[in-house]
Each structure stands twice: as C-alpha cells, then as structure tokens.
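**Student:** let me see the structure of the following:
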Amino acid sequence: MSQKMEVGRRLRALRGERGLSLRALAEQSGLNVNTLSLIENGRTSPSVSTLQQLAGSLQVAITEFFATEPEVKKVVHQKEGTRPSISFERGAMEDLASGMSRFGAEPIIVTIEPLADSGKKPIVHTGREFVFCLDGHISYTVDGETYLLAPGDSLFFEAYLPHHWQNTESAPSRALLVLCPMDERDQPRERHFRN
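**Tutor:** As a prediction, this is how the structure comes out:
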C-alpha cells in the first residue's frame, strides 16, 4: 500500500473511531473538507502542518498516521531503513519509537527540505525539547534568541518558550528531535510542524 493510501486509511480510521464526519473534522481542524477527502482517498500527501492540525484535532500523536502495530511495546529496536517514515511537502519524519507509549519521550529524525521552516506561528508546548543536528544547518529561535546548529551541535530547552526552526541550507538538513511532553494530552509533534 502506498504511503498516501496508508495515511488516508489511518485518518479515516481515527476519524471513524471518534464518530466524526468529514465536515466535523474540517471544522475542528480548520482544514477544507475537500482536502480531507483527498487525503483519505490517497489522492494527495498532507504536509507536516496539515498532519499536525489533524493530530491536534484528533488528539493523537502525529505518528498515529503511519502506525502499523496497535500493541504498545516495551522495547523498540529498529535497523536502518526499517523505521516508519512519512514524507511531507517540505521534509520527512522517521519514528524512532514506533509502537512504544507516546508519553515520556518521543524521538524522531526530521529531514527538513532546503530553506523550509516551522511556519509563522511560534511553537509552544509542554515539557522539554532536545535537538541534535545531524546534517546541514538548522536555525532555532527560542524565546527571541537564535541558535545556529551545525552537525554535532545540540540544543535543550523548556518547550513552553516560544520557538521556531528553519533549515538555513540550500540542501536538506537532518536532526534528531526528542520531544518530552509533561502532559500526555499534549501533542508536541503536532504543534511542532505547523505553518
């Protein structure tokens, strides 16, 4: 099954579990009904921002859109090339803890397309956030102060501080991002990639 079809299937299932119509989800998420229909039917790939809006509205982690195993694991071991991944218009995310409880720490590898950013609206969520730059250069602005991360650089901060990120390169940049929400109802991944 294609990635677009899988995301659409998961969206339909999550919406159905909550008894929401397409129109109700559109109102709740601020997205267009036609866009939701295209996603559910596998005719378009949603952006990270769109998935975050949907995840926030459905109160699930963004990884739920590409989760394949419903069981909660106690140990997750993944070989290179086997991690659940989803591509977006301006990047991709690899879930490093697929199948594990969503509360505590959420490690993901984010690939950010050239010059892409987190959007105009600052990101704010509970807990803490850890960023480790793997490739390229990523600019993080936290509470008005900007930090330029090069490969090997890290940043750790209280996530209630308004923050914004941007790939400053003309090539993709990659980072290990560990989101540590303090409230299990908080969805930091969903807030993290909004436009």
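
**Student:** toward the C-terminus, what is the element adjacent to the longest helix seen in the chain?
**Tutor:** If you go by DSSP state H, the chain has its longest helix at helix 3-17. Sequence order places helix 22-29 as the next helix or strand after helix 3-17, per DSSP states H and E.

**Student:** could I get the buried residue list for that next one?
**Tutor:** In terms of neighbour count (16 or more other CB atoms under 10 Å), helix 22-29 has its buried residues at 22, 25-26, 28-29. Every C-beta, even on glycine, is put in place using the N, C-alpha and C of the backbone.

**Student:** those residues into JSON lines, with extra columns for pLDDT?
**Tutor:** Output for these, formatted as JSON lines (pLDDT from 0 to 100):
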{"residue": "22", "pLDDT": "90"}
{"residue": "25", "pLDDT": "92"}
{"residue": "26", "pLDDT": "91"}
{"residue": "28", "pLDDT": "89"}
{"residue": "29", "pLDDT": "89"}
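
**Student:** about what we covered before: what does the longest helix of the chain contact?
**Tutor:** Identification of contacts with helix 3-17 by CB atoms under 8 Å, 6 or more residues apart in numbering yields 1, 22, 25, 36, 39-46, 51, 54, 58, 60, 64-67, 86-87.

**Student:** quick one: it to chain centroid distance?
**Tutor:** Centroid separation between helix 3-17 and its chain, computed with CA atoms, centre = their mean, to the nearest Å, is 16 Å.

**Student:** for that helix, what is the average pLDDT?
**Tutor:** Helix 3-17 shows a mean pLDDT of 81.

**Student:** for it, buried residues please.
**Tutor:** Applying a neighbour-count criterion of 16+ other CB under 10 Å, one finds 4, 6-8, 10-12, 14-15 buried in helix 3-17.

**Student:** in stretch 37-53, what's buried?
**Tutor:** For stretch 37-53, by 16+ other CB under 10 Å, it's 38-40, 42, 44-53.

**Student:** among those residues, which are in strands?
**Tutor:** Per DSSP state E, strands hold no members of those.

**Student:** got CSV for those, with distance to residue 132 and pLDDT too?
**Tutor:** Formatted as CSV, those follow (distance: CB to CB, whole Å; pLDDT from 0 to 100):
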residue, distance to residue 132, pLDDT
38, 35, 91
39, 31, 89
40, 35, 89
42, 34, 86
44, 32, 86
45, 27, 84
46, 26, 85
47, 24, 80
48, 19, 75
49, 23, 75
50, 26, 85
51, 23, 83
52, 21, 80
53, 27, 84
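
**Student:** which of these lies closest to residue 175?
**Tutor:** For the buried residues of stretch 37-53, the minimum distance to residue 175 (CB to CB) is 13.6 Å, reached by residue 48.

**Student:** pretty sure that closest one contacts residue 91?
**Tutor:** Yes: using CB atoms under 8 Å, residue 48 is in contact with residue 91, at 6.3 Å.

**Student:** coming back round to it: make TSV out of the buried residues of helix 3-17 and add distance to residue 115.
**Tutor:** Listed next are these as TSV, based on distance: CB to CB, whole Å:
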residue	distance to residue 115
4	25
6	28
7	25
8	28
10	29
11	28
12	33
14	32
15	33
